[in-house]
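# could you look at this predicted model? Sequence included:
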Amino acid sequence: MTDLDATRAILADLIGFPTVSSDSNLAMIAYLAERLKAAGARVDVHLDETGQKANLFATLGPEGPGGIVLSGHTDVVPVADQDWRTDPFVMAEQDGRLYGRGACDMKGFIAAVLALLPEFAAARLTRPLHFAFTHDEEVGCLGARALVEILRAEGVRPAAAIIGEPTSMRIIEGHKGCYEYSTHFHGLEGHGSAPERGVNAVEFAVRYVARLLELREALKARAPVASPFDPPWTTINTGALVGGVAHNVIPGKARIDWEMRPVRTEDADFVKAALARHCEEVLLPEMRRVSPEAAIVTEVIGEVVGLLPAERNEARRLVMELTGANGAGTVPFGTEAGLFQSLGMSVVVCGPGSIEQAHKPDEFVALDQLAECLTMLERLARHLAGPAAR
């Protein structure tokens, strides 16, 4: 069986685990752990506080600092209300493409890594090779945030990390942060015929969104000179506004789900301070004139730092050597890379498949992309091997 055949078979298994972020990933983690242990890896599984999610961190080769991390998240986005031509959790193959939820984001990379385990295990590794597979990347990088803290506490200090998100095998050295929030409005219900006697939570939520839109425009003028990102400024997006029960009822509750993608932390501080002033000086006084108990509460879903381009980057140099690329770029979407960078590692994002296919119905990864990924990983095995194994 070729490495590509093995990758195809493993990917079929991985797609078969319906690891939507709202559900458990334990079955997939157990599958990954079994394969890694069979290859001789030292495997640690870290459960979250619910006991229904887990991260996996495993190592082949010698103990000590200076190793390389291959990292991927195990969770996928939902398929509800999407029009799939086939069962999203049963892999389908057509015209050189492998279809299924998570095929490119990012079980294709994980499958390629597992397919190369025999070669990694056979190599006389001169540096540790680590495997980090996390939970809940799609809902705030919750797993990676926990894993990085565990590695920090245990003193595990790899030198470099390759995050296998779908980049069409381009090397990515930078991306914006991803800060996600849910802002809750608590007003006062009443009959729709007397709006002045209630506190309409939806209307105050709309005014909050209006302030978000003003700040979104203001951020354009704050774009750093020579920003490497597209667009070059920090962005804001309103993802959802939920509230109300009927045409004739003053809604007492509302919720806004929103995010920003900061190019620097100062922009995030600017936005949060401006919103706090707007709530304290404008919205809340009006709400509390009618109902003293009225409130606006912002819940932090996740504040995930970006990946900052660095002048010296071992991971960039290494992956350029492995792939033959002569440069690296940036992307607008977020990953777990910045969290690993915060641990002191050099980090790049590079993996099979296109982000254009992620989160959509009929998600797929092309076989030629998996073949390119396998070539990179095969070269990594040789790079990490002692002279006698080359």
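Ah, there it is. Please read these numbers as outputs of a predicted model, since none were measured by experiment.
# drop to CA atoms for contacts and neighbour counts, all remaining ones
Noted.
# pull out the buried positions in stretch 126-139.
127-139 (16 or more other C-alpha atoms under 10 Å).
# looking at those residues, which is nearest residue 335?
Using C-alpha to C-alpha, residue 137 comes nearest to residue 335 of the buried residues of stretch 126-139, at 7.7 Å.
# in space, what's closest to the closest one - neighbours in sequence excluded?
Excluding the flanking residues, the one nearest residue 137 by C-alpha to C-alpha, 6 or more residues apart in numbering is residue 73, at 6.1 Å.
# how about residue 62?
Closest to residue 62 by C-alpha to C-alpha, 6+ apart is residue 128, at 5.2 Å.
# now do the same contact list for that neighbour.
Shown in contact with residue 128 (C-alpha atoms under 8 Å, 6 or more residues apart in numbering): 59-68.
# now the buried members of those.
59-61, 67-68.
# okay, and which of those residues map to strands?
59-60, 68 (DSSP state E).
# next, count neighbours for residue 54.
For residue 54, the count of nearby residues is 26 (other C-alpha atoms under 10 Å).
# phi, psi of it?
Torsion angles at residue 54 (phi, psi; degrees, to the nearest 10) stand at phi -150, psi 150.
# could you measure from residue 95 over to residue 9?
17 Å (C-alpha to C-alpha, to the nearest Å).
# who has more neighbours, those two?
Ranked by neighbour count (other C-alpha under 10 Å), residue 95 and residue 9 place residue 9 first, with 14 against 7.
# what about that one, which helix or strand?
helix 3-15 (DSSP states H and E).
# distance from that helix to the middle of the chain?
Distance of helix 3-15 from its chain centroid, counting by C-alpha atoms, centre = their mean, to the nearest Å, is 22 Å.
# for stretch 232-246, same thing?
20 Å.
# same check, this time on stretch 23-36
In terms of C-alpha atoms, centre = their mean, the centre of stretch 23-36 is found 19 Å from the chain centre.
# can you check stretch 174-187 too?
The answer for stretch 174-187 is 15 Å, by C-alpha atoms, centre = their mean.
# and the gap between the residue nearest to residue 137 and residue 193?
51 Å.
# of those two, which one has the most company?
A direct count of neighbours by other C-alpha under 10 Å for residue 73 and residue 193 places residue 73 higher, at 28 against 10.
# ok so, going back, of the buried residues of stretch 126-139, closest to residue 345?
Lowest distance from residue 345 to these (C-alpha to C-alpha) belongs to residue 130, with 12.8 Å.
# quick one, helices of this structure?
Ranges of helices in the chain, per DSSP state H, are 3-15, 26-38, 108-115, 117-122, 142-154, 201-220, 265-278, 284-290, 314-323, 337-341, 367-384.
# what's the mean pLDDT across the first one?
What it means is helix 3-15. Helix 3-15 carries an average pLDDT of 98.
# other SSEs contacting that helix?
helix 108-115, helix 367-384 (3 or more C-alpha pairs under 8 Å, 6 or more residues apart in numbering; DSSP states H and E).
# also the longest one?
Using 3+ C-alpha pairs under 8 Å, 6+ apart as the contact criterion, the elements in contact with helix 201-220 are strand 178-186, strand 235-243, strand 253-261, helix 265-278.
# how is the chain carved up into domains?
Annotated domains of the chain cover 3-175+305-389, 178-304 [automatic domain parsing].
# buried deepest among those domains, which one?
domain 3-175+305-389 (a mean of 20; mean count of other C-alpha atoms under 10 Å).
# span of stretch 196-204 from start to end?
Terminal-residue distance, stretch 196-204 (C-alpha to C-alpha): 13 Å.
# need the helices of the chain in TSV (columns: distance to residue 170).
Output for the helices of the chain, formatted as TSV (distance: least, C-alpha to C-alpha, whole Å):
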stretch	distance to residue 170
helix 3-15	20
helix 26-38	26
helix 108-115	13
helix 117-122	23
helix 142-154	22
helix 201-220	28
helix 265-278	26
helix 284-290	48
helix 314-323	9
helix 337-341	15
helix 367-384	10
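# from residue 19, how far out is residue 352?
Separation of residue 352 from residue 19 (C-alpha to C-alpha) stands at 20 Å.
# give the contact list for residue 41.
Contacts of residue 41 were listed using C-alpha under 8 Å, 6+ apart, and they are 58-61.
# one more pass at 10 Å, please.
33-35, 57-61, 117, 120-121, 129-131 (C-alpha atoms under 10 Å, 6 or more residues apart in numbering).
# turn those into JSON lines, including distance to residue 288 and pLDDT.
Putting the contacts of residue 41 into JSON lines (distance: C-alpha to C-alpha, whole Å; pLDDT from 0 to 100) gives the following:
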{"residue": "33", "distance to residue 288": "54", "pLDDT": "98"}
{"residue": "34", "distance to residue 288": "58", "pLDDT": "98"}
{"residue": "35", "distance to residue 288": "59", "pLDDT": "98"}
{"residue": "57", "distance to residue 288": "50", "pLDDT": "98"}
{"residue": "58", "distance to residue 288": "54", "pLDDT": "98"}
{"residue": "59", "distance to residue 288": "57", "pLDDT": "98"}
{"residue": "60", "distance to residue 288": "60", "pLDDT": "97"}
{"residue": "61", "distance to residue 288": "63", "pLDDT": "95"}
{"residue": "117", "distance to residue 288": "62", "pLDDT": "98"}
{"residue": "120", "distance to residue 288": "64", "pLDDT": "97"}
{"residue": "121", "distance to residue 288": "65", "pLDDT": "95"}
{"residue": "129", "distance to residue 288": "58", "pLDDT": "98"}
{"residue": "130", "distance to residue 288": "54", "pLDDT": "98"}
{"residue": "131", "distance to residue 288": "53", "pLDDT": "98"}
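# among those, which one lies nearest to residue 202?
Distances from residue 202 to the contacts of residue 41, taken by C-alpha to C-alpha, are shortest for residue 57, at 44.4 Å.
# what sits opposite the closest one in the beta ladder?
Taking DSSP bridges as the rule, residue 57 bridges to residue 44, residue 132.
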